[in-house]
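K.L.:
From the sequence below, what's the structure:
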Amino acid sequence: MPKALEGGGGVLLRAIGAEIASHAQREWFGCGPHRLQIALPRPQGLAARPHDPRPVDPEHGKKILAGTLALDGGTLRLGPDGDPFDTASPSRRFAVSLHRFDWLPDLSSAGSDGARRSLRLIDDWRRVFGKWNAFSWSADCLERRVFHLACAARILAAEGSDAEVADLTLDLARQARHLLEIDKSPERRLERAVAAAIAGCALAGKPGEALIDKALKVIARQIDTMVLADGGHATRSPEAGLELLFDLLTLDDALGQCGRPAPEPLTRAIDRLSTAARFFTLGDGHLAAFHGGEAIAPARIRAALAHDESGPRPLNAAPHSGYHKMIGGSIEVIADCATPPAGPLSVAACAQPAAVEIVCAKDRLITSCGWSPEAAGAHAFRLSDAASTVSVGDGSAGRPLSGFRAKALGPWLVDGPTRVDAKRHDDVGGVWLDIIHDGWRRHGLTHARRLFLDAVADELRGEDSLSPIALDPTAADGPRRYLPFAVRFHLHPEARASIARDGKSVLIRGPNNIGWWLRNDAVDVEIAPSAHFDHGLARKAGQIVLKSQVRPEVGAKIRWKLTRAEG
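P.N.:
Sure thing, here's the model as predicted:
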């Protein structure tokens, strides 16, 4: 998207156009001719049983059988025969997860009783929402529901009557066909096509084949755009790449069951995404948390990489994705070294250029707030001060859209850095990484972050400097105007910090109780409260704030060093 359109009238015009198109599409989706169109031709039964490698939790399925439905931080106590679709949901997040059928993998894994209960819940949903509903049939809900139904259909059919199986296959066919017609949320177009193709594999006969063919055409157009050459996702979210890898593995398995070879771009994308998943997995076993992605647990990452026996690749950079990794004796750093994605790809992007995450002796000590779209309404955590980077004044190096623009287009990130340059040098003594960006250009400043990971001393040295974009030799003699600026280090919830007697040095300890000193030359040092998101729910955490002031005409800097504490 052209940078000129990011801020004002260009975005407004696009928002107006998107709202008009969305209204027209809603009218079409709700009419009788469209419902007839997606119902024909009628499916002929079930074929493949696609396997989703994501871990399932049969114990959760048993709790649902007992009458307790827990989804996305909310709980409904329904009793063994209750209908959650005829009961008020405790939150919108719960309702989205409910209509996505996120409960179906766990419930259908709980034996024949789980399958029968799943069929009853699907029938409850069909009775109220089966024709069409703006919320339940939205892109947000429908994509995952089609995926879950396709993967569970054969399991459910084994416990269902002929009439129940006929209803189930018709549900799947109608929803998968509808899914391919959705234009909203173009950043998820590939994932929607993959879910529709998996549904086609699950459906027998020509209706299934036609669905596969139509979906594969969309995949062919999208896959090399969304999966970058180094395996990163075009949204720059490590979690988005991992979840797409799960979906493509499921599709590869389903196509194989149907006797159809996987297209070469799909196989290539799986290899690339697997490589990227290894790159983004840090020394604590969790995924790096950037741009709307959370720190995914090791068990989920292992499940995504179980197909790949080649093991770790010796990568230290993902240049197309815009990340660099620095590995020393016991310190590991990953840094965001590119501009945020633009336009539709930025709906979960964060205004946090040059942000870092730091793992010391396998403890993740320094991280970000880990915001993800699951934390609905918490868009303030997408701003610069919610990550381990520099913030100037009370502003941010970019902001999410709000109001009508966000409603029509999604919460795009705008006014972010237009240029981020990264230079790296590796030698036997360590790794240098220099990152420079113009995210603070509204203040007339550039931010340069210089990092040196000393492999011999096993320490990380950093320098964050703010420099005038346009040097004026007479500026120093003019009126003095100061802005506060800070270098922030957000702590993982399991890390703790304390300030030494000198009022400057900070001692950080992680779960392994190994101490690390953060020494610095800031004017003031503070340990402040923060938050860290886990599945969209905020956990209490802290942050170390190194404070100073900057004259935009002159610039300023803060130096810091992270080193292991003696003993």
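
K.L.:
and the residue lying closest to D183 once chain neighbours are set aside, what element?
P.N.:
Once flanking residues are discounted, D183 sits nearest to Q25: 6.4 Å by Cβ to Cβ, 6 or more residues apart in numbering. No exception for glycine: its C-beta is placed from N, CA and C like everyone else's. In this structure, Q25 sits in helix 9-29 according to DSSP states H and E.

K.L.:
I'd like the mean pLDDT over that helix, please.
P.N.:
Averaging pLDDT along helix 9-29 gives 92.

K.L.:
elements contacting that helix?
P.N.:
Packed against helix 9-29 by the contact rule (3 or more Cβ pairs under 8 Å, 6 or more residues apart in numbering; DSSP states H and E) you find helix 403-409.

K.L.:
The same query, at a cut-off of 10 Å, please.
P.N.:
Identification of packing neighbours for helix 9-29 by 3 or more Cβ pairs under 10 Å, 6 or more residues apart in numbering; DSSP states H and E yields helix 32-39, helix 403-409.

K.L.:
where does the residue lying closest to V428 once chain neighbours are set aside fall, phi/psi-wise?
P.N.:
Residue nearest to V428 in three dimensions, not counting chain neighbours: A455, with 7.4 Å by Cβ to Cβ, 6+ apart. With angles defined as degrees, to the nearest 10, A455 sits at phi -70, psi -30.

K.L.:
Touching, A455 and W432? I think so.
P.N.:
No. Counting by Cβ atoms under 10 Å, A455 does not reach W432; the two are 11.5 Å apart.

K.L.:
List the buried residues in stretch 409-425.
P.N.:
Buried residues in stretch 409-425, counted by 16 or more other Cβ atoms under 10 Å: L409, G410, P411, W412, L413, V414, D415, G416, P417, V420, A422, R424.

K.L.:
again, but for stretch 173-186
P.N.:
A173, R174, Q175, A176, R177, H178, L179, L180, I182, K184, S185, P186.

K.L.:
now stretch 118-132
P.N.:
Under the neighbour-count criterion of 16+ other Cβ under 10 Å, stretch 118-132 has S118, L119, L121, I122, D123, D124, W125, G130, W132 buried.

K.L.:
go on, stretch 217-225?
P.N.:
For stretch 217-225, by 16+ other Cβ under 10 Å, it's V218, I219, Q222, I223.

K.L.:
repeat for stretch 320-337
P.N.:
Residues of stretch 320-337 classed as buried: 320-328, 330-337 (neighbour count, 16+ other Cβ under 10 Å).

K.L.:
go on, stretch 263-276?
P.N.:
Going by 16+ other Cβ under 10 Å, stretch 263-276 has these buried residues: P263, P265, L266, R268, A269, I270, R272, L273, S274, T275, A276.

K.L.:
Sort out which of those residues are in helices and list them.
P.N.:
Judged by DSSP state H, the subset of those located in helices is P265, L266, R268, A269, I270, R272, L273, S274, T275, A276.

K.L.:
Just the closest of those residues to R302, please.
P.N.:
Nearest to R302, judged by Cβ to Cβ, of those is S274 at 12.1 Å.

K.L.:
thinking again about what came up before, for the buried residues of stretch 118-132, which one is nearest L245?
P.N.:
Among the buried residues of stretch 118-132, and counting by Cβ to Cβ, the member closest to L245 is S118, at 26.0 Å.

K.L.:
I'd guessed S237 sits against G370; true?
P.N.:
No. Assessed by Cβ under 10 Å, S237 is found out of contact with G370, at 11.6 Å.

K.L.:
re the thing from before, please tabulate the buried residues of stretch 409-425 in a markdown table and include pLDDT as additional columns.
P.N.:
Putting the buried residues of stretch 409-425 into a markdown table (pLDDT from 0 to 100) gives the following:
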| residue | pLDDT |
| --- | --- |
| L409 | 95 |
| G410 | 95 |
| P411 | 96 |
| W412 | 97 |
| L413 | 97 |
| V414 | 96 |
| D415 | 96 |
| G416 | 96 |
| P417 | 97 |
| V420 | 98 |
| A422 | 98 |
| R424 | 98 |
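
K.L.:
Which ones among these map onto strands?
P.N.:
Among the buried residues of stretch 409-425, the members found in strands (DSSP state E) are L413, V414, V420, A422, R424.

K.L.:
Spatially, which two of those residues are the most separated?
P.N.:
Farthest-apart pair in these is V414 and R424; separation 29.0 Å (Cβ to Cβ).

K.L.:
just the strands in the stretch 451-567 of the chain please.
P.N.:
459-468, 483-491, 496-499, 506-509, 515-520, 524-534, 537-550, 556-564 (DSSP state E, counting those that start in this stretch).

K.L.:
Strand partners (parallel or antiparallel) of the longest one?
P.N.:
Just to be clear, that refers to strand 537-550. Applying DSSP bridges, strand 537-550 is found paired with strand 483-491 (antiparallel), strand 524-534 (antiparallel).

K.L.:
before we move on, back to that, what is the burial count for the residue nearest to D183?
P.N.:
Using other Cβ atoms under 10 Å, Q25 has 15 neighbouring residues.

K.L.:
Please apply the same query to the one 3 residues further on.
P.N.:
W28 sits with 12 neighbouring residues when counted by other Cβ under 10 Å.

K.L.:
Check the gap between the closest residue to it other than its chain neighbours and W137 for me.
P.N.:
Distance criterion Cβ to Cβ, 6+ apart; nearest residue to W28, sequence neighbours excluded, is H34 at 5.4 Å. Note on H34: its distance to W137, by Cβ to Cβ, to the nearest Å, is 11 Å.

K.L.:
Mutual contacts of the two, please.
P.N.:
Here H34 and W137 share the contacting residues H178, scored by Cβ atoms under 10 Å, 6 or more residues apart in numbering.

K.L.:
Compare the two (neighbour count), which wins?
P.N.:
Using other Cβ under 10 Å, the more surrounded residue of H34 and W137 is W137, with 23 against 17.

K.L.:
contacting residues around the more buried one?
P.N.:
Shown in contact with W137 (Cβ under 10 Å, 6+ apart): 26, 29-30, 99, 129-131, 145, 174-175, 178-179, 182.

K.L.:
now, which of those residues sits nearest R488?
P.N.:
Comparing these against R488 with Cβ to Cβ places H99 closest, at 37.5 Å.

K.L.:
That closest one touches E143, doesn't it?
P.N.:
No. Counting by Cβ under 10 Å, H99 does not reach E143; the two are 11.2 Å apart.

K.L.:
neighbours of A66, just the number please.
P.N.:
For A66, which is what you asked about, the neighbour count (other Cβ under 10 Å) is 12.

K.L.:
Please name the residues that touch it.
P.N.:
Going by Cβ under 10 Å, 6+ apart, A66 touches R77, L78, G79, P80.

K.L.:
Ends of stretch 449-469, what's the gap?
P.N.:
15 Å (Cα to Cα, to the nearest Å).

K.L.:
Now do the buried residues in it.
P.N.:
For stretch 449-469, by 16+ other Cβ under 10 Å, it's 449-455, 458-468.

K.L.:
For this protein, give me the ranges with low pLDDT.
P.N.:
Along the chain, the model assigns pLDDT under 70 to residues 1-9, 311-314, 471-479, 567.

K.L.:
one more time with 90
P.N.:
Counting by pLDDT under 90, the chain contains low-confidence ranges at 1-10, 72-73, 79-81, 308-315, 374-377, 470-481, 535-536, 566-567.
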